[in-house]
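>>> below is the sequence, then the predicted model.
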Amino acid sequence: MKLEFFQEFADPYLHKEGGQGVFLAGVVLGMVAGGQNKSNIREAPMFKQLNFGRLSRRDLQRHLARVPELTSAYQLNYAGLIEALGGKAGELMLKGGKKDIGIDGNFAFSVAFLNAPHYFWSAFRKDRGAPEEQSQAAEQESE
């Protein structure tokens, strides 16, 4: 898992462990929502459950705790990778230690959720080329 893309951001919130955890939670839940309804993400059950702009750390923890159940129930592609990224998000959030994610966290979460496929494949891309084939190989390695 490569998380170097955080270095591209100038926002100091994303250079802290807690901020990175919130961002990765957005990527994970965006991938779950995208997998639940590929044609219209707004109709995905996960999308409807998220209270954008008013999320709390507790909300994110509750949704992240359900990721293994949701990847199994919806038989999501790349379930192993989504769960691994969810685990890393939770780990970083626990290390960050802040009780509230605030406005910065809500904004970072929304950006990550809306761009989930881009950052998901950035985290698991081995090098330039066909990310789909490489990620399938990575998923097989992680299982």
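Sure, I can see it. Since the structure is predicted, the reported quantities are computational estimates derived from the model, not experimental observations.
>>> which residues touch the helix or strand hosting Leu85?
Here Leu85 sits within helix 79-96, counting by DSSP states H and E. Identification of contacts with helix 79-96 by Cβ atoms under 8 Å, 6 or more residues apart in numbering yields 1, 3, 16-25, 27-28, 31-32, 35, 57, 60-61, 64, 67-68, 71-72, 76, 120, 123-124, 135, 138-139, 142-143. Using the backbone N, CA and C atoms, a C-beta is placed for each residue, glycine as well.
>>> tell me the buried residues in the next helix-or-strand element following it?
Going down the chain from helix 79-96, the next helix or strand is helix 102-114, by DSSP H and E. With burial defined by 16 or more other Cβ atoms under 10 Å, the residues of helix 102-114 counted as buried are 104-113.
>>> low-confidence ranges, the protein, go.
In the predicted model of the chain, residues 126-143 satisfy pLDDT under 70.
>>> and the longest helix seen in it with helix 102-114, angle?
Ordering each helix of the chain by length in residues (DSSP state H) puts helix 17-36 first. Interaxial angle of helix 17-36 relative to helix 102-114 (axes from the mean of the first three to the mean of the last three Cα atoms, to 10 degrees): 40 degrees.
>>> thank you kindly, that will do.
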